[in-house]
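Asks: here is my input, please return the structure:
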Amino acid sequence: MCHIGNLDPVLADQGQYPFVYPSCVSKLPALGLTATANRTTYNNNYSSNLGPRVGLAYDVWGRHTTTVRAGFGIYYVREDVGTVDQLSFQAPFLPVAFGGGLPGCLSTFFSLNAPASCLPPGSTSNPNGLPQAGTLDSTFVPCLSVFQGFPGGDTNQAANYGPASGEACPGPLLSTNIFGLEVPRHFVVPSTQQWNLTVQHSLGKQWVLEVGYVGTHAVHLRETRDSLQSERASAANPVVVSGSNCDGSVLSPSATCSITTNTVDNAVARSRAQGINGYAGFQLFANDAYSHYHSLQTSLTRRWNAGYFQGAYTFSKSTDATSSGNTAFNTAFNDESTLAASRGLSDFDRPHRLSVSYRYDLPFYKGATGWSEKLLGGWAVSGITIFQSGTPFSVTDSGAGTAFLGAGFTPGTL
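Replies: Numbering: from 1, shown residues only. Here you go, the predicted model:
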């Protein structure tokens, strides 16, 4: 429980230290670890929920020929390990390499004892050197990074960042140079509501017809995205960054710099939370996705001594904000700060599906005995035949939006 951490972008945007550690980190042998939470990194330590079930069945005429059935239930999902894992992937518990490498130095890229020829100019140690296994190194405790202007005041260039004033930094790791992972501090357990209403009617001669409506609605499903993607700047709507003027000559909370153009280099400065690299260095493991399913389900069935027949037809529509909960890739489309543009047909949506299953016992050699009965009797013909719609297909451009997200950071931008 002590080797976990969380990231709260709201704190960073308020100029506060954004990394949240539990109270017990004070016992760990690493300088700079500040406990700002209780024994967890969440605001809610546990969650409890009610999962009611209700159902009814009614014989309409009292003749056992027409029956109405209905049901409703709420079901909860135990969250997969992907979300919980992110708390242990936070620095310094997972050391992060944050510097570039020199040609011919791949073999010593992570070495603490890299030769001088493989060190960056002016450095006396390897910024990518990883500690020994099982060792907590204070070098990897991140510092809060603050905006310090642009080189020469050119807002098209990469902005300068440095440690916040008065902050004691154990090492060179700035919060803008680290891939941060956030899990909502108020985590809500995913749940699904399911309901149905079905009418079952006997048509005589062992034929039974069923017609029903079945629906589901799921909320608080897990999804991953960069909710801090860079904001869009223009002359009419500039992105205003606080903490410094554009050339960095004035460092003050009241000083500001206006960005009017969108470049890959200035993307970090356009992050929605200053101090965190929302361009390609942040990921939110949120639980705000949802899904809806509505369907008309019908079946016609007949059983008799020599066989069985069932035809089932479903007309349905499934929509959601994300059809997968991949733990490593973003799932929101276009504006990553919201799921508004992500709702659409589910990847698995099939509007029409007709399934026919059947079995017929062949009557041949029923009264035979001996080898004739063993070889030629007791055979049956059976099968399942399915006709169904295809799944949706979307055209995406994986290279779009690179002024707002790192190339390839989201699997598809419409």
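Asks: CA atoms for contacts and neighbours, from now on please.
Replies: OK.
Asks: Three-state assignment for the nearest residue to Leu300 once chain neighbours are set aside, please.
Replies: Spatial nearest neighbour of Leu300, chain neighbours left out: Leu209 (4.7 Å); criterion: C-alpha to C-alpha, 6 or more residues apart in numbering. Put simply, Leu209 is strand when judged by DSSP: H, G, I helix; E, B strand; the rest coil.
Asks: gap between Leu209 and Thr298?
Replies: Separation of Leu209 from Thr298 (C-alpha to C-alpha, to the nearest Å) stands at 7 Å.
Asks: from Asp320, how far off is Gln229?
Replies: 22 Å.
Asks: ugh, wrong one, Asn245
Replies: Asn245 is 44 Å from Asp320, by C-alpha to C-alpha.
Asks: same deal with Ser227?
Replies: Distance from Ser227 to Asp320, by C-alpha to C-alpha: 18 Å.
Asks: ditto for Arg39
Replies: Distance of Arg39 to Asp320, computed by C-alpha to C-alpha: 35 Å.
Asks: more neighbours: these two, which one.
Replies: Applying other C-alpha atoms under 10 Å to Arg39 and Asp320 shows that Asp320 carries more neighbours, namely 22 against 15.
Asks: that one contacts Asp349, correct?
Replies: No: counting by C-alpha atoms under 8 Å, Asp349 is not a contact partner of Asp320; they are 10.0 Å apart.
Asks: what residues are up against the closest residue to His294 other than its chain neighbours?
Replies: Leaving aside its chain neighbours, His294 sits nearest to Gly215 (4.5 Å; criterion: C-alpha to C-alpha, 6+ apart). By C-alpha atoms under 8 Å, 6 or more residues apart in numbering, the contact set of Gly215 is 194-196, 292-295.
Asks: and of the residues you listed, the nearest to Ser254?
Replies: Of all those, His292 has the smallest distance to Ser254: 46.8 Å, by C-alpha to C-alpha.
Asks: the closest one: what secondary structure?
Replies: Judged by three-state DSSP, the three-state class of His292 is strand.
Asks: what's around the nearest residue to it once chain neighbours are set aside, how many residues?
Replies: Once flanking residues are discounted, His292 sits nearest to His217: 4.7 Å by C-alpha to C-alpha, 6+ apart. For His217, the number of neighbouring residues by other C-alpha under 10 Å comes to 18.
Asks: my guess is His217 contacts Ser318. True?
Replies: No: taking contacts as C-alpha under 8 Å, His217 lies outside contact range of Ser318: 9.9 Å.
Asks: which neighbours do these two have in common?
Replies: Residues touching both His217 and Ser318 by C-alpha under 8 Å, 6+ apart: 291-293.
Asks: of the residues you listed, which is the most crowded?
Replies: The most crowded member of these, judged by other C-alpha under 10 Å, is Ser291 (21 neighbours).
Asks: any idea of the pLDDT on the residue nearest to Leu300?
Replies: Note on Leu209: pLDDT of 97.
Asks: which residues does it contact?
Replies: By C-alpha under 8 Å, 6+ apart, the contact set of Leu209 is 200-203, 298-301.
Asks: swap in Pro142?
Replies: 91-92, 169, 171-175, 178.
Asks: again, but for Ala273
Replies: 9-10, 12-13, 228.
Asks: my guess is Tyr279 contacts Ser271, does it?
Replies: Yes: in this structure, Tyr279 is within contact of Ser271 by C-alpha under 8 Å, at 6.5 Å.
Asks: pull up the distance across stretch 341-350, start to finish.
Replies: 21 Å.
Asks: what's near enough to touch Val183?
Replies: By C-alpha under 8 Å, 6+ apart, the residues touching Val183 are 6-7, 83, 86-87, 284-286.
Asks: how about the strands of the stretch 51-200 of the chain, start to end?
Replies: Secondary structure of the stretch 51-200 of the chain (DSSP state E, counting those that start in this stretch): strands at 53-59, 66-76, 145-147, 161-163, 180-182, 191-204.
Asks: tell me the most buried of these?
Replies: Mean neighbour count (mean count of other C-alpha atoms under 10 Å) peaks for strand 145-147 among the strands of the stretch 51-200 of the chain, with a mean of 27.
Asks: that one pairs with which strands, parallel or anti?
Replies: Here strand 145-147 has these sheet partners by DSSP bridges: strand 161-163 (antiparallel).
Asks: now the strand it pairs with: average pLDDT?
Replies: 90.
Asks: one more: stretch 131-146?
Replies: The average pLDDT within stretch 131-146 is 83.
Asks: hmm, Gly171 is touching Val141, no?
Replies: Yes: shown here, Gly171 and Val141 form a contact pair, counting by C-alpha under 8 Å, at 6.9 Å.
Asks: mind checking the SS state of the nearest residue to Leu339 once chain neighbours are set aside?
Replies: With C-alpha to C-alpha, 6+ apart as the criterion, Leu339 has its nearest non-adjacent residue at 6.0 Å, and that residue is Ala332. What three-state DSSP gives for Ala332 is coil.
Asks: give me the neighbour count for Ala332.
Replies: Using other C-alpha under 10 Å: Ala332 sits among 26 other residues.
Asks: tell me the contacts of it?
Replies: Taking C-alpha under 8 Å, 6+ apart, one finds 224-225, 321-322, 338-339, 341-342, 410 in contact with Ala332.
Asks: now, those that are in strands?
Replies: Counting by DSSP state E, the contacts of Ala332 place 224-225 in strands.
Asks: low-confidence bits of the stretch 1-150 of the chain, can you list those?
Replies: 79-84, 97-99 (pLDDT under 70).
Asks: contact partners of stretch 41-52?
Replies: Contacts of stretch 41-52 (C-alpha under 8 Å, 6+ apart): 4-6, 20-22, 73-76, 184-189.
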